[in-house]
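# what's the 3D shape of this:
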Amino acid sequence: MRPFFPIAALSLFGTAACAPATKCAPPEAASHVRTTPPVAVDPEQKFAELEACPLESGQKIEGCRVGYRTFGTLDATRSNVVLFPTWFSGTTRPLVDIVPGKLVDTKRFFVVLVDALGDGVSTSPSNSRTQPRLSFPRFTIRDMVESQRRMLTEVLGVTHLRAVMGISMGGMQAIEWGVTHPDFVDRIVPIVGTPQLTSNDLLLWTTELHALQDDAAFKGGNYDGRPLIRAVLDLHALALTTPAYRAGETSRDAFPTWVGEREADTSFDWNDWHRQLEAMLAHDVTRAYGGSLDASAKRVKAKAMFVVAEHDHMVSPIPARAFARAMGERATVVTLDGPCGHLAPSCEAAKLASSVTAFLAE
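The predicted model follows:
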């Protein structure tokens, strides 16, 4: 899951939907190796200074800060907030171009885009002064959610959400929100997300992790500069779409250029990749409820719309569908059935946007 969604997701929900026969922006391709703390150069980027963030493991993140951006107007009752966390290896910057005013109506809703822990904007292995590189403690999807809850309540004064929605790893966070804080949120919209990984998902992400750890350039996390670690990006690109999509989009003659551009991506720090990948591998909303999807689904009080991609090779739609069934009448499933695989939300952006608009308006 390279940036879980196309890093070039800039055009994800832009002026025109990306049809299967056209060139879709390569999601999840994000960045890789930032060795200095990011600087908030644009006025939209804000930070919640949380001091220390306790983790599920019993450890804590020191100097914990959470990046976020807001759009729209918070109403008098503070009840119109839509939270949108980032996908794997993505930041809120590309979300600015696809969420506020496009996927979510900012005339009606107060949209909060939030940078997940480990994305190089919020506190991460790449920017921590006291816990740098892999001395940075492991964190979970639930830890991401807890940092976001604190940002909302302690900084923005928000104690209830109209909705939490997100793509890929953002969808995992949306489901975690519904299970962990059932009284906090009215609706969840996981888009190509999952309540737990299947064995095939685990195989993909474990392979990526091993490819990263075993690459000589990684140096156990103590690399210099921005090393190229091509195998990880090749694996990620392989699972991101489908064989039919890739063959239709990239000719044999164009392949060397196409793959070379992807293998040259060094925009996201590898230690950040490592820790976020571990968070996804550990993701399972059932773990506190006897391993039962039914039991964890019963905790969710929010209404839910699960958006799944029929041909997703990166995040299987099977657990999301099972979770929706366990929720009964409180959940619906929207299926994107084109050949784009995990990039279906980009390729079928019009269908996604209309479904989200209708669901939030209910």
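
# all contacts plus neighbour counts: C-alpha atoms, from now on.
OK.

# Now do Val232 against Glu263, distance only.
Relative to Glu263, Val232 is positioned 9 Å away (criterion: C-alpha to C-alpha, to the nearest Å).

# These two: which has the busier surroundings?
The neighbour count for Val232 versus Glu263, taken as other C-alpha atoms under 10 Å, is higher for Val232 (22 against 18).

# Give the pairing partners of the helix or strand containing Ala52; include direction for each.
Take DSSP states H and E as the rule and Ala52 turns out to sit in strand 46-54. Note on strand 46-54: by DSSP bridges, its sheet partners are strand 60-71 (antiparallel).

# Show me how far whichever helix or strand comes after the partner strand is from its chain's centre.
Using DSSP H and E, the helix or strand that follows strand 60-71 in sequence is strand 81-85. Chain-centre distance of strand 81-85: 12 Å, with C-alpha atoms, centre = their mean, to the nearest Å.

# can you offset everything so residue one is 659?
In the new count, where the first residue is 659, that last one comes out as strand 739-743.

# The helix or strand just after strand 739-743 - contacts with which helices or strands?
Helices and strands here follow DSSP H and E; after strand 739-743, the next one along the chain is helix 750-753. When contacts are defined as 3 or more C-alpha pairs under 8 Å, 6 or more residues apart in numbering; DSSP states H and E, helix 750-753 packs onto strand 768-772.

# Burial check on Leu708, number of neighbours?
Using other C-alpha under 10 Å, Leu708 has 17 neighbouring residues.

# Next: Asp872.
Asp872 - counted by other C-alpha under 10 Å - has 12 other residues nearby.

# Then Thr735?
Residues lying near Thr735 (other C-alpha under 10 Å) number 8.

# I'd like the distance between it and Leu819.
Taken as C-alpha to C-alpha, the span from Thr735 to Leu819 is 11 Å.

# Could you give the separation between the terminal residues of stretch 937-950?
Termini of stretch 937-950 sit 20 Å apart (C-alpha to C-alpha).

# And stretch 998-1011, by the same measure?
Terminal residues of stretch 998-1011 are spaced 17 Å apart (C-alpha to C-alpha).

# Output the below-cut-off pLDDT ranges for the chain.
Where the chain drops to pLDDT under 70, the residues are 659-699.

# Tell me the helices and strands packed up against the helix ranked longest in it.
For the chain, the longest helix by residue count, based on DSSP state H, is helix 857-872. Packing partners of helix 857-872 (3+ C-alpha pairs under 8 Å, 6+ apart): helix 888-898, helix 928-939.

# most neighbours per residue, which of the ones you listed?
The highest average neighbour count among those, using mean count of other C-alpha atoms under 10 Å, belongs to helix 928-939 at a mean of 24.

# now for it, which elements pack on it?
Judged by 3+ C-alpha pairs under 8 Å, 6+ apart, the packing partners of helix 928-939 are helix 857-872.

# so the helix it packs on versus helix 888-898, what angle?
Orientation check (axes from the mean of the first three to the mean of the last three C-alpha atoms, to 10 degrees): helix 857-872 against helix 888-898 gives 160 degrees.

# gap between stretch 913-925 and the chain center?
Mean-position distance between stretch 913-925 and its chain equals 22 Å (C-alpha atoms, centre = their mean).

# same thing with stretch 741-752?
Using C-alpha atoms, centre = their mean, the offset of stretch 741-752 from its chain centre is 6 Å.

# Equivalent analysis for stretch 938-946, please.
The chain centre lies 15 Å from the centre of stretch 938-946; the measure is C-alpha atoms, centre = their mean.

# Which residues does it contact?
798-799, 827, 830, 833-834, 837, 853-855, 860, 863-864, 950-951, 953-954 (C-alpha atoms under 8 Å, 6 or more residues apart in numbering).

# How about stretch 850-868?
659, 824-830, 833-834, 890, 893-894, 897, 932, 935, 939, 941-944, 964-967, 972-978, 981, 1000, 1003.

# Just confirm Asp841 contacts Lys959, I think it does.
Yes - contact criterion C-alpha atoms under 8 Å: Asp841 and Lys959 qualify, at 6.9 Å.

# Now do Phe926 against Phe876, distance only.
Per C-alpha to C-alpha, Phe926 is found 13 Å from Phe876.
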